[in-house]
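1. no sequence on this one, just coordinates:
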């Protein structure tokens, strides 16, 4: 028993050392339980808070400590990686306890396609059992802040699956999304420095985004399908925003910066005139597009989609100033 324990400790130590040497640092797991903890803050007396929803750009680019320093209050971060925020927008619109302010990030290919694979998150948040809550609390206290390898990206079977196995005949390589973020206990998140400083890792991340950008449309797609889908998403957003406005909730949409092949794809497949402009027209909500503000341009976007941590800090300060100056909440509160 003692020998087995010693072997386990040694092997665990070697695994931890390996990932530390790779550049990994401890961070909190961005799982359903962490999201649910933040969503429950609205139920537990913080319904008048500023809430951030969106996709990974909102999550990575908007730094909560900077926002707190400017406004005096830390926002609630409910953005989700790889998902349209519309189902969260609709959930908040139905919740009479939410009476605060809402910032909605718009990543065109996710928002206007309605792509969302995490909608079951709402059920988890409402049905999470006491044992699941305790399990998350223990994980956050005992493991997540201390162990770099305690991340799904560094799990043994994940690592094995990503080894350069020979391709099957007629089937090229396909890369799933790799770790690119560091997260804190309240879901404040920023781009992992390895994406900025390691040229080979940065190239890998870009190749993964390029793979999704150049993916052919699903079988059976007809001309005009994308436009009809975008109109459906805009209609959903307009209905939710109207409901929020009835409760006095201030809403602002934000189009975060992008670069390289990503911005080329967005301008080609989701033209501003037929997506973003229509969204603002039909929701009658203000919107901040990075192309319209010099202070939201010129940042470092290493992977074409997310700002470096240093840029995200400066970006958040500039974004908050624009929102607070141009779109003050009707009730006199601060964003």
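-> Arrived safely, thanks for sending. Owing to the predicted nature of the structure, the values given are computational and were not obtained by experimental measurement.
2. show me what contacts residue 60?
-> Contact analysis of residue 60 by CB atoms under 8 Å, 6 or more residues apart in numbering lists 181, 189, 190, 191, 306, 307, 312. For every residue, glycine as well, the C-beta is placed using N, CA and C.
3. after the helix or strand in which it is found, next one along is what?
-> Assigned by DSSP states H and E, residue 60 belongs to helix 56-61. Proceeding N to C from helix 56-61, the next assigned helix or strand is helix 64-71, under DSSP H and E.
4. Quick one: low-confidence residue ranges for the stretch 101-250 of the chain.
-> 165, 167-175 (pLDDT under 70).
5. who touches the one helix or strand residue 52 maps to?
-> Using DSSP H and E, residue 52 sits in strand 50-53. Residues outside strand 50-53 that contact it (CB under 8 Å, 6+ apart) are 42, 58-59, 62, 67, 71, 73, 75-79, 85, 88-89, 92, 98, 100-105, 335.
6. Just the buried residues of those.
-> Buried members of these, scored by 16 or more other CB atoms under 10 Å, are 42, 58-59, 62, 67, 71, 73, 75-79, 85, 88-89, 92, 98, 100-105, 335.
7. still on that earlier bit, for the contacts of residue 60, which single residue is the most surrounded?
-> Highest neighbour count within the contacts of residue 60, by other CB atoms under 10 Å: residue 306, with 30 neighbours.
8. And it, how far from residue 214?
-> Distance from residue 306 to residue 214, counting by CB to CB, to the nearest Å: 19 Å.
9. for residue 103, same thing?
-> Taken as CB to CB, the span from residue 103 to residue 214 is 31 Å.
10. can you pull the contacts of the residue nearest the centre of the chain?
-> Nearest to the geometric centre of the chain sits residue 56, at 2.4 Å (CA atoms, centre = their mean). Residue 56 makes contact with 79, 80, 81, 82, 107, 181, 305, 306 under the criterion CB under 8 Å, 6+ apart.
11. try 7 Å this time
-> 81, 82, 306 (CB atoms under 7 Å, 6 or more residues apart in numbering).
12. any residues touching stretch 98-105, and which ones?
-> 42, 47-55, 57-58, 79, 85, 89, 92, 244, 247-254, 256, 329, 335.
13. Buried ones only from these, please, as a PyMOL command.
-> Here is the PyMOL command that selects the buried residues among those (16+ other CB under 10 Å):
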select buried, resi 42+47+49+50+51+52+53+54+55+57+58+79+85+89+92+244+249+250+251+252+253+254+256+329+335
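14. coming back round to it: helices - which of the contacts of residue 60 land there?
-> Judged by DSSP state H, the subset of the contacts of residue 60 located in helices is residue 312.
15. Fine by me, we can end here.
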